[in-house]
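In: Provide a 3D model corresponding to the input given below.
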Amino acid sequence: MKKIPHHLGIILDGNRRWAKEKGLPVFEGHRVGLEKVKETIKWCRDKSIKILSLFVFSTENWQRSKREVNYLMKLSKGAIVDNLNELSQTGIKVRVIGQREKFSKSLQKSIRKAEQLTKNNGGMILNFALSYGGRAEIIEAVKKIIEKKIPPQEITEKVISENLWASDLDLIIRTGREQRLSNFLIWQAAYSELYFSQKYWPDFNEQNLDAALEDYTNRHRRFGK
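Out: Coordinates of the predicted model:
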């Protein structure tokens, strides 16, 4: 491929619909979706993508049933704890972006441990967007700027970007047959290329990823010029 996105974002959509169409419990869709996350991380690392941001759990997802939310939190903790050594050994730097104060103390502790253990890794940066919302991120950035007492005349796009949780995106892939950003890294997506896959997340495979990357390769990013 002629070019690879420096920062790839993926909106993991379709776990529940995948399960329902197969007559399976919703939880099974989430479990299979987690296994797909593990595969995707490896594919992206092998393709030399420098930053991978995965939209796992949104601020709106807290509105789901308590049982489903608890299961997703359990899966998230297991994904971090069970795979931490492997991620660290492969040089991946793990970060969690989102409103982590909403998580249990146990999950917060696991997140801190993962970030501390991998903070000096020089390989791919892996952002897990958990309890994440683009508007919430911008609000937090504004609060930081106010706390730093930066004069209004000195507030630029660069200043705002420096106070966000993640950097600008080159390509966003969304699975699940929907075509919207759903509040995912909305500041960073200003000039992103968008690719919408008809596959539900559990069915997304490496060939589908290659198709998205090939499509990105053939696009001309002019940034308004």
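
In: So for this structure, the centremost residue is which one?
Out: Leu54 (2.0 Å; CA atoms, centre = their mean).

In: Just the element for that one, please.
Out: Using DSSP states H and E, Leu54 sits within strand 51-58.

In: moving C-terminal of that strand, what's the next helix or strand?
Out: Next along from strand 51-58, by DSSP H and E: helix 66-89.

In: ranges for the helices of the protein?
Out: Here the chain has its helices, by DSSP state H, at 15-21, 26-46, 66-89, 105-118, 134-147, 157-162, 206-217.

In: just for this protein, where's the confidence low?
Out: The model of the chain has pLDDT under 70 over residues 1-2, 223-225.

In: picking that back up, would you format the helices of the chain as CSV with distance to His6 and mean neighbour count included?
Out: Bear in mind the C-beta positions are built from the backbone N, C-alpha and C, glycine included. As requested, those are arranged in CSV below (distance: least, CB to CB, whole Å; neighbours: other CB atoms under 10 Å):
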stretch, distance to His6, mean neighbour count
helix 15-21, 28, 18
helix 26-46, 12, 18
helix 66-89, 20, 15
helix 105-118, 19, 15
helix 134-147, 20, 15
helix 157-162, 15, 12
helix 206-217, 11, 16
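
In: Of all these, which one is nearest Ile172?
Out: helix 206-217 (9.6 Å; CB to CB).

In: and the closest one, how far from the chain's centre?
Out: Computed by CA atoms, centre = their mean, to the nearest Å, the chain-centroid distance of helix 206-217 equals 18 Å.

In: Could you check the angle that helix makes with helix 26-46?
Out: 50 degrees (axes from the mean of the first three to the mean of the last three CA atoms, to 10 degrees).
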